[in-house]
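*Asks:* sequence-free structure coming up:
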Ligand SMILES: [Zn+2]
């Protein structure tokens with residue numbers, strides 16, 4: 001179908017790369033941003049001919065679509081929890097136009113043919129751009145490395161055994177070296193199984209080991225879902241020493257603390273667990289001083305009956321795509337830790353830069369993956385597009401709503417609804 005050109009007029013644009021916000025009209029065509037006009041040139045947009053569609057952005061914020069670096073789509077294998085179709089729709093509803101999906105599916109994304117199938121299916125069934133992360137080790141067993149070179153060739157954007165750490169130091173070192181030669185990053189789930197389960201040392205000891213390995217090898221390391229002040233302190237130090245490391249936190253660790261386990265039960269069970277108010281403060285600080293680069297959801301769907309069990313037996317994780325922006329906005333912008341452009345940097349420009357994705361920038365010639373945000377409203381979290389609803393934030397009133405989402409210049413979501421093609 002022929003796609004009409006599009007003018008988005010009257011919005012306030014945010015450029016998360018330059019950290020700017022400014023009134024602008026955008027001209028979009030052929031799936032790309034073709035023009036960004038601010039100031040005096042805006043009048044040109046008022047004479048839009050019939051060849052272009054006009055989208056009114058008055059009172060709205062216009063930004064690049066978010067890039068979520070940590071999503072479990074559960075497909076193939078656990079499709080009662082989520083599918084490529086439902087997970088990517090949840091993404092769009094949350095303003096996420098690109099996501100990285102993790103390898104712990106059934107089968108595991110540890111061979112090129114499974115990986116290619118996911119890429120192919122995401123193209124057909126998915127609503128947003130989907131970039132699979134392949135396994136570091138075969139079947140995530142931590143015994144033998146997966147064929148990293150073939151996986152990269154098949155389209156893996158990074159490697160991770162997320163859900164587990166790569167416990168074997170020699171394997172992790174070789175993985176960092178081989179991934180580096182491919183220009184790819186290893187995403188580490190830092191959990192040392194020789195330490196007491198869910199303890200502080202289980203996280204920071206693995207952070208320490210991986211940072212050492214990154215310094216030794218020059219390998220590109222991304223530390224997923226950090227939750228402790230010790231962890232961010234170690235990252236800050238390693239970055240000073242020149243380690244090629246990037247770090248991520250999740251909104252739930254910025255909003256909740258371990259006390260919330262009493263209130264939300266198994267809906268507050270995740271790995272790493274919720275921590276103390278001092279840790280939460282340290283994470284916010286680490287975002288503000290640049291120690292932490294990325295905010296990602298760690299979207300982890302589980303069916304209702306799976307979370308109805310004792311805290312000990314319940315699976316880890318909560319869904320997060322649809323609350324990623326609002327929770328982060330409330331924890332960071334409303335409490336003056338980050339400016340709005342800085343926040344959008346952590347949610348789009350930086351993850352795109354770190355994983356080498358064509359996203360997260362507001363630039364002429366770049367893909368027109370765009371979101372219009374309404375930041376004047378508060379929205380009650382009531383229902384999800386995700387197939388699962390394991391979220392402690394149900395019933396919360398959160399700031400900001402997704403008004404409109406475009407992917408490749410095509411408006412796919414508007415006013416809470418998906419548009420047909
Ligand atoms: Zn993890």
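*Replies:* Okay, I see it. Here the structure is a predicted model, which is why all the values come from computation and not from measurement.

*Asks:* ok, the closest residue to residue 106 other than its chain neighbours - contacts?
*Replies:* Nearest residue to residue 106, sequence neighbours excluded (CB to CB, 6 or more residues apart in numbering): residue 77, at 2.7 Å. Quick note: C-beta positions are derived from backbone N, CA and C, even for glycine. Neighbouring residues of residue 77 by CB atoms under 8 Å, 6 or more residues apart in numbering: 105, 106, 107.

*Asks:* domains of the chain?
*Replies:* Here the domain assignment for the chain is 5-63+365-418, 66-355, based on automatic domain parsing.

*Asks:* re earlier: which SS class is the residue nearest to residue 106?
*Replies:* Recorded secondary structure, residue 77: coil (DSSP: H, G, I helix; E, B strand; the rest coil).

*Asks:* now do it, the pLDDT please.
*Replies:* For residue 77, the pLDDT comes out at 97.

*Asks:* what distance do you get for it to residue 109?
*Replies:* Here the criterion is CB to CB, to the nearest Å. By it, residue 77 lies 10 Å from residue 109.

*Asks:* what helices and strands are in contact with the strand or helix carrying residue 22?
*Replies:* For residue 22, the enclosing helix or strand under DSSP states H and E is strand 20-29. In terms of contacts (3 or more CB pairs under 8 Å, 6 or more residues apart in numbering; DSSP states H and E), strand 20-29 is packed against strand 5-15, strand 32-38, helix 42-46, strand 61-64, helix 340-344.

*Asks:* could you flag which of the contacts of residue 77 are buried?
*Replies:* Among these, those scoring as buried are residue 105 (criterion: 16 or more other CB atoms under 10 Å).

*Asks:* what is the nearest of the contacts of residue 77 to the ion?
*Replies:* Taking CB to the ion as the measure, the ion lies nearest residue 105 of the contacts of residue 77, at 14.0 Å.

*Asks:* correct me if wrong: the closest one contacts residue 71.
*Replies:* No - contact between residue 105 and residue 71 fails when scored by CB atoms under 8 Å: they sit 11.6 Å apart.

*Asks:* can you list the buried residues in stretch 253-265?
*Replies:* Neighbour counts over stretch 253-265 (16+ other CB under 10 Å) mark 253, 254, 255, 256, 261, 264, 265 as buried.

*Asks:* among those, which are in helices?
*Replies:* 253, 254, 255, 261, 264 (DSSP state H).

*Asks:* same for the ion: which of these are within range?
*Replies:* Among those, no residue lies close to the ion (CB under 5 Å from the ion).

*Asks:* go through the residues you listed and say which is closest to residue 22.
*Replies:* Ranked by distance to residue 22 (CB to CB), these are led by residue 254 at 27.6 Å.

*Asks:* can you tell me, leaving aside adjacent residues, what's nearest to the closest one?
*Replies:* Spatially, and ignoring its direct neighbours in sequence, residue 254 is nearest to residue 331 (4.2 Å; CB to CB, 6+ apart).

*Asks:* any idea how far the one you found lies from residue 341?
*Replies:* 16 Å.

*Asks:* okay, those two: which has more neighbours?
*Replies:* Relative neighbour count places residue 331 above the other of residue 331 and residue 341, with 23 against 20, counting by other CB atoms under 10 Å.
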